[in-house]
Structure formats: structure tokens, C-alpha cells
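Asks: Next come a sequence and a model predicted from it.
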Amino acid sequence: MRFYPTFFKLAFSRMDAEKAHHLGFSMIRLVEKCGLGAVLRRLTRPSTPVRAMGLTFPSAFGLAAGFDKHGEGTTALTNLGFGHIEVGTVTGQAQDGNPQPRLFRLVEDKAIINRMGFNNEGAAAIAPRLAHTREVLSRRAGIRPIIGVNIGKTKVVELENAVDDYRLSARTLAPYADYMVVNVSSPNTPGLRMLQDIEALRPLLAAVREEADAAVTDRRVPLAVKIAPDLADEDVRDVARLAQDVGLDAVIATNTTIKREPLSTPTNEVAALGAGGLSGQPLRERSIEVLEILREALPEEIAIISVGGVTTGEDVIERIEAGADLVQGYTAFLYEGPFWVHRINRALKKAYKRKAA
């Protein structure tokens, strides 16, 4: 299973990062189309279920938003052993995102810089795909993987109209989401991070909660907010207080950073890549710091989903021990390959056995 780093070096390392992503994702989807999904699930099925946000997850480890932006390969990804898949970020209107190239690898740092810009086909196009995904997963035996839906602001919508834009996405997508995430922390949509200001965030979260409740009457769709690592510590505590005030079910920490340290890649090479959010190993320390601040500030009934610099099973266990209820990865998936999540689930199983002994 450790052949992938060599395969990556030979096949993908010189290829445009976005093209490599699409190719790799297509290969994962092809396995399912060939009828091998059930075989793969038997090999990779996790066996350490957890409860969070009132939901049962087959594993504490899931895939962060950004990999499956269009909800096109969600069932194929669950075959790899993820406890949950977060689809998106989805916006109210379809949009192409920023000009290419917009995804760059920092191989020495096991990191990525992206300025994708919420490229997606829009809530109306993605909703029926999510409906089909839920139908397929509902037919599987055992605890099915959880589907989260991450929503963001359409670029052409002005900030003063952002609430209505998020309302549209929530109304359209909530019926097909196990949980929803309000993304106000991507650095690649102009002005978006201004919505992390508490006075702007409060009415936004209340509006999404209202739309989700109106759209889904037979169950409650848990709601989370995703925050940036670049918030000051006191701003993180403010978000924790707001989460309690408005009745959020979870906080996701953290999104990508606009900072460029610590990095091994030469400064001039990094600067030449331009703007964008940095993810991967360099984010690890700050992500853990934000997790610890949130866990101290939040009651245990509000879940924390920790993401940022997660590579190994030991990283996942460290986050859980620091107070995370769930953990997500993304960047390491691109470097470690399709059996990465299976290795993490095996590490979780061993850790839980040791704890129970």
C-alpha cells in the first residue's frame, strides 16, 4: 500500500496540480463504475464508530470540503473508508472560480496553495446529486458514511446581500445534507472573511438555521461554522461564545491560512505562486492551538471538527486527545494516495483497543 509515494513522484509530480487532482479523482470513480466498490469497502470499512452532532459516524476521520466540490464522486470516496465526506464549497449560483493555474504543490512542505475561488456548478445542480448519494448510501448495510454540505458566498453577490445568498444554498441543499457548514473563512473570495466578524456572523448563522429548519421538517440538520486559522485567539473565543448563543452544533477549525510560514520551500518560489490559501503540514501547529482554545471555551455538546496538517493516524489521535470530536484531512490525501484513510482507520482501531484494555 506504500507504493503510492513513488507513483505520485513518477506520474503526478510534474503534472499541473489541478489536472492531477481530476485524474486521480476519476480513477477513484472508475473503480466504483467497474463494480469494485463493494470489494473495496470490505477491505477498508472502518470499525470505530463515534457520535457527534447527534449523528453516528462510522469513523472519526473524514474528508474535508474541497475535494468533491460538485458532489460527483461522493459514494466512490466513501468506498475508501472515510467516516464522512464534506461536499463543496457550494454557492447559490454556479461559478467558474479564479483563473488557472490556481492550485500549487509545495512538495518539500507536504503543502498546497490554492486560490480556486469556490468553483462549482451551483446549489440547484448539485442538489439532485446529493439526493442520489443519500439514496445509494441508505441501501448499504451497517453504519453509513455521513454527508456534510459546505456552503459559501457567490463571488458576484455583494457582502450586503450575502445572507440571502446563503439562504438560497441552505434552502436548496439542506434536505440532502446530514449536516451543513457555513464557510466564511476561505481567503479566495474577496471580502468573505469579513463575515467572520461576530456582528456579521450572527445574522448569517441565524438565517441559515431558519432556512434549514423550514426546508427539513422530519429531522434537525446540524449546523457548523468553519473558521480561519488567522483569527486572533480572542476572536476564536468570540466565535465560541457565538456558537453557544445561536445554538450551533459544531465549529470546524481550521480553513487554509494566508500566512507563509514555516516553510522549507524557498521564499522566492513561494512568492512566485501568488495569492491563495496554504494548507497541509505547515498549518498543523496553529490548527492544534485553535482546537485547544475552542475546546476550553465550548461545552462538550458542541462538537469540534479539527482539520489542518493532519497526515497520520497519530495526528488524528492527537487531535481527539486534544478535544476534537471529529477530524478531517485533505492535503495529505493528494500526497499519500487512496489507502491513506485506511491506514488512519487502522491506527484508530489500535488506539481504541489500547484504551479499552
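Replies: Noted; the coordinates are in hand.
Asks: Next, count neighbours for the closest residue to Leu80 other than its chain neighbours.
Replies: Closest residue to Leu80 apart from its sequence neighbours, by CB to CB, 6 or more residues apart in numbering: Val341 at 5.2 Å. C-beta coordinates here come from the backbone N, C-alpha and C atoms, glycine included. Using other CB atoms under 10 Å, Val341 is surrounded by 25 other residues.
Asks: Just confirm Val341 contacts Phe61, I think it does.
Replies: Yes. Between Val341 and Phe61 there is a contact under CB atoms under 8 Å: 6.5 Å.
Asks: so Val208 touches Val182, yeah?
Replies: Yes. Counting by CB under 8 Å, Val182 is a contact partner of Val208 at 5.6 Å.
Asks: how much space between Pro46 and Gln95?
Replies: Distance, Pro46 to Gln95, using CB to CB, to the nearest Å: 35 Å.
Asks: for Leu348, same thing?
Replies: Leu348 is 37 Å from Gln95, by CB to CB.
Asks: cool, Val310 as well?
Replies: Distance of Val310 to Gln95, given as CB to CB: 28 Å.
Asks: which one of those two has more residues nearby?
Replies: Counted by other CB under 10 Å, Val310 and Gln95 do not tie: Val310 has more neighbours, with 28 against 18.
Asks: you'd agree that one is in a helix?
Replies: No. Read with DSSP: H, G, I helix; E, B strand; the rest coil, Val310 is coil and lies in no helix.
Asks: okay, it: pLDDT?
Replies: Predicted confidence (pLDDT) for Val310: 98.
Asks: Which phi and psi values does it adopt?
Replies: With angles defined as degrees, to the nearest 10, Val310 sits at phi -90, psi 120.
Asks: That one: what's it in contact with?
Replies: 284, 316, 319, 327-329, 332 (CB atoms under 8 Å, 6 or more residues apart in numbering).
Asks: quick one: it from Ser13, how far?
Replies: 22 Å.
Asks: same thing with Gly247?
Replies: Applying CB to CB, the value for Gly247 to Ser13 is 46 Å.
Asks: For this protein, which segments are assigned as strands?
Replies: 50-52, 55-57, 61-63, 84-90, 103-106, 111-114, 146-151, 179-183, 223-227, 250-253, 277-280, 303-307, 326-329 (DSSP state E).
Asks: and the first one, what does it pack onto?
Replies: To tie it back to what came earlier, the one meant is strand 50-52. Applying 3 or more CB pairs under 8 Å, 6 or more residues apart in numbering; DSSP states H and E, we find strand 50-52 packed against strand 55-57.
Asks: what do you get if the cut-off is 10 Å, keeping everything else the same?
Replies: Secondary-structure packing of strand 50-52 (3 or more CB pairs under 10 Å, 6 or more residues apart in numbering; DSSP states H and E): strand 55-57, strand 303-307.
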